[in-house]
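J.: with the input below, show me the fold.
(one chain, ligands or ions: 2)
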Amino acid sequence: MELNMPILFPRSPAIADHYRDPDVLANLHRQLKAKDFVKLPDFLLPSAYDVVAQNLEYLHSQRIRKEFVMPGFNTERRMSVVGGKRVTDLSLQLIALYGNHDLRRTISTIIGAHIHTVCHEEEFMVVNFLDGEADTHGWHTDDPEYALILITESPGENGGGELEYIPDWHNFCTNNGLDPVSKINTAIELAFSLGLAESSKLAAGDCYLLNASNALHRVTPIIGNGRRKALNMAFDTRRFRHYGETAYLLYAS
Ligand SMILES: O=C(O)CCC(=O)C(=O)O
Ligand SMILES: [Fe+2]
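T.: Ligands and ions are numbered 1, 2, ... in the order given. Alright, predicted model coming up:
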């Protein structure tokens, strides 16, 4: 790793000034509530972004390859990962960012509620790499409620690697009499045909906040030889929550 990496402390400023404006924050809150998603371009200060970009570059060399169909959702994982336990061992700077006061205060204002640390050793923070043709992070919901995703590399136009999501997934399935697990493909097709599925192209430097337990989401397959690097920091408005097996299947080494 580079020795000239900026140092990030829990009380360092981390968020760009734009995100201190109460009107901006109120607008972002409305967007998140309406769609379970809000894009946060240039969210981090350049010094904090550099910490993330350099750490993800380093963690890429420590990645573990995963290629399997996730039981339950029955959707593909073709990606490389570093789970929370290994992030903790390998990247103290990212742990400092997870606990950063400025970041938490801002996220909690956008969510409109106090947020807690996610007490799952693998899932509180994960790093996802898509490294080439057909790599994809298939459809799923997360166990933790909110995901703050920071992108440090992304394929260009028409290179795949886009976020797709279906807001309010569980209610959508219930309202249409479809089981969200066994009828996942039928429900996804219906959501697309009704214009209820959304997509977002994210570039290096972009962040987004997703209600990841409420919106079904995926990262579309890479087309060609582009790459995507993403850090996921999870937060929850509930202190206790049931965690399933999926995080261990994808992230345990
Ligand atoms: O990489 C992304 O944009 C989404 C990541 C994600 O869904 C996850 O880590 O659970
Ligand atoms: Fe997710």
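
J.: for stretch 197-206, buried residues please.
T.: Buried residues in stretch 197-206, counting neighbours by 16 or more other Cβ atoms under 10 Å, are found at 197-198, 200-202, 205-206. C-beta coordinates here come from the backbone N, C-alpha and C atoms, glycine included.

J.: distance between the ends of that stretch?
T.: By Cα to Cα, to the nearest Å, the extent of stretch 197-206 from end to end equals 21 Å.

J.: now do that stretch: distance to the chain's middle.
T.: 11 Å (Cα atoms, centre = their mean, to the nearest Å).

J.: over to stretch 81-97?
T.: Counting by Cα atoms, centre = their mean, stretch 81-97 comes out at 15 Å from the chain centroid.

J.: in three-state terms, label the residue in the chain positioned nearest to ligand 2 for me.
T.: Nearest residue of the chain to ligand 2 (Cβ to the ion) works out as D142 at 4.3 Å. D142 carries the three-state label coil when classified by DSSP: H, G, I helix; E, B strand; the rest coil.

J.: just checking, it touches D236?
T.: No - because the distance of 9.9 Å does not satisfy Cβ atoms under 8 Å, D142 is recorded as not touching D236.

J.: before we move on, back to that, now do the residue of the chain closest to ligand 2, the pLDDT please.
T.: With respect to pLDDT, D142 has a value of 95.

J.: just give the nearest non-adjacent residue to it, would you?
T.: Of all residues not flanking D142 in the chain, A212 sits nearest, at 3.7 Å (Cβ to Cβ, 6 or more residues apart in numbering).

J.: rounded mean pLDDT for stretch 64-72, please.
T.: The model assigns stretch 64-72 a mean pLDDT of 95.
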